[in-house]
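> Requesting a structural model of the entry that follows:
(chains A and B)
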Amino acid sequence: DAKTTQPTSMDCAEGRAANLPCNHSTISGNEYVYWYRQIHSQGPQYIIHGLKNNETNEMASLIITEDRKSSTLILPHATLRDTAVYYCIVRDVSSNTGKLIFGQGTTLQVKP
Amino acid sequence: ETGVTQTPRHLVMGMTNKKSLKCEQHLGHNAMYWYKQSAKKPLELMFVYNFKEQTENNSVPSRFSPECPNSSHLFLHLHTLQPEDSALYLCASSQATTENYGYTFGSGTRLTVV
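Model (predicted):
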């Protein structure tokens, strides 16, 4: 079972920042937060991951609260090509069972 | 192109047919995975291979038979499938099943069982 809760859908205006929230209140100390996205009928694409510090790469920023019970993925300047389903996943990388388990995700619609 | 190649991209098969899906990666990864994505459902993990050894089978029916001859290739052999097996089948790879690495996914095989 997925260990995260995300809104089903969100809209964002093109050129604005898209802020996608994720709750993971039962996260444990060994679990990282991963974000993937899936553009229609393609394979999921890795975006970013983190443990407790905020992270930034060329695609996005990940903000994790101090208690690690929630996080926010930020796409700083959303484009129409960012329209996709975004998955927030917690994963125990120290375990042989630390697999990527996907939930329903958030469908982000970027509008002109 | 992600570095994980799946063939064929589309497959239509009858319920009595036998077919195979192929996945290939040259990323130097040691773990490979099969996922199934049915319409409007989340991805479901089917099988996990780590250094060519199967480490997980998530109660997948025996009509799906995986094979991993080496760390670069993964197959999913299909026989006597049902229409409800129609789905997008995705292959992924990672450096290892543990450690802090993400997965790289292929583009998938769209399977239709008629």
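
> ok, B:F64 - contacts?
B:F64 makes contact with B:46, B:76-78, B:85, according to Cβ atoms under 8 Å, 6 or more residues apart in numbering or on different chains. C-beta here means a position set from N, CA and C on the backbone, and glycine is covered the same way.

> Now render the residues you listed as CSV, adding neighbour count and distance to chain A.
Shown next, in CSV, are the contacts of B:F64 (neighbours: other Cβ atoms under 10 Å in any protein chain shown; distance: Cβ to the nearest Cβ, whole Å):
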residue, neighbour count, distance to chain A
B:M46, 20, 11
B:L76, 23, 15
B:H77, 13, 21
B:L78, 20, 19
B:D85, 19, 17
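
> In chain A, where is pLDDT below threshold?
Where chain A drops to pLDDT under 70, the residues are A:1-2, A:94-98.

> Please work out which residue of it is closest to chain B.
Nearest residue of chain A to chain B: A:G43, at 3.2 Å (Cβ to the nearest Cβ).

> tell me the contacts of that residue?
By Cβ under 8 Å, 6+ apart, the contact list for A:G43 reads B:2, B:4, B:90, B:92, B:105-108.

> these two touch, right, B:A96 and B:N50?
Yes: between B:A96 and B:N50 there is a contact at 7.0 Å, judged by Cβ atoms under 8 Å.

> So between the two, which is more surrounded?
B:N50 (19 against 15; other Cβ atoms under 10 Å in any protein chain shown).

> what about the closest residue to the residue of chain A closest to chain B other than its chain neighbours, how many residues close to it?
Distances taken as Cβ to Cβ, 6 or more residues apart in numbering or on different chains put B:F105 closest to A:G43, at 3.2 Å, once the chain neighbours are dropped. Applying other Cβ under 10 Å, we find 25 residues neighbouring B:F105.

> Please, where are all the strands along the chain?
I'll assume chain A. A:9-13, A:18-23, A:31-38, A:45-50, A:55-56, A:61-64, A:70-75, A:84-92, A:106-111 (DSSP state E).

> The chain in question should be chain B.
All strands of chain B, identified by DSSP E, fall at B:4-7, B:10-13, B:18-25, B:31-37, B:44-50, B:53-57, B:64-70, B:73-79, B:87-94, B:104-105, B:109-113.

> returning to what we had before: for the strands of chain A, which one sits closest to B:Q25?
strand A:45-50 (14.3 Å; Cβ to Cβ).
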